[in-house]
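Asker: Build me a structure from this.
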Amino acid sequence: MKVLKIGIAPQEKIRERVLAIARGEIKPKPSDPKIWFTSMRSLSQVLSDENRALLDVIRTARPASISELADITGRKQGNLSRTLKTMSRYGLVKMERNDRSVRPIAHAERYQITA
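Answerer: Next up, the predicted model:
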């Protein structure tokens, strides 16, 4: 079972950390968060109850396309595409291109949050 580690810190702290890593001053540990949010509010919007349920459907049903996922969930395809794009930007979902469709793949089964 893959656990995705999420960190919460102010934007300036995240930027400082990234620059320190780029300069070689800090070496990230495997236990460090891979995804960062600037607030609990932004995290709760992306990992809302509805979105966590969507991730669960993606993991269990393994839809071949966004259209198929829309059929399974009963959500409109446009709304679903926007949600998946946001989740993809944060690294929660991978969007795999096939011939004429895009297949969503959930990255983790559990989440560990560090504030």
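
Asker: For stretch 56-75, measure first residue to last.
Answerer: 15 Å (CA to CA, to the nearest Å).

Asker: Revised request: answer the last question for stretch 30-38.
Answerer: End-to-end distance of stretch 30-38: 21 Å, with CA to CA as the criterion.

Asker: Now do that stretch: everything it contacts.
Answerer: Contacts with stretch 30-38, where a contact means CB atoms under 8 Å, 6 or more residues apart in numbering, come from 4-11, 14, 43, 46, 90-92, 114. In this view, the C-beta of every residue, glycine as well, is placed from N, C-alpha and C.

Asker: do stretch 39-53 as well
Answerer: 6, 8, 37, 83, 86-87, 90, 92, 111, 113, 115.

Asker: and that stretch, what's its mean pLDDT?
Answerer: When pLDDT is averaged over stretch 39-53, the result is 93.

Asker: For that stretch, measure first residue to last.
Answerer: By CA to CA, the extent of stretch 39-53 from end to end equals 21 Å.
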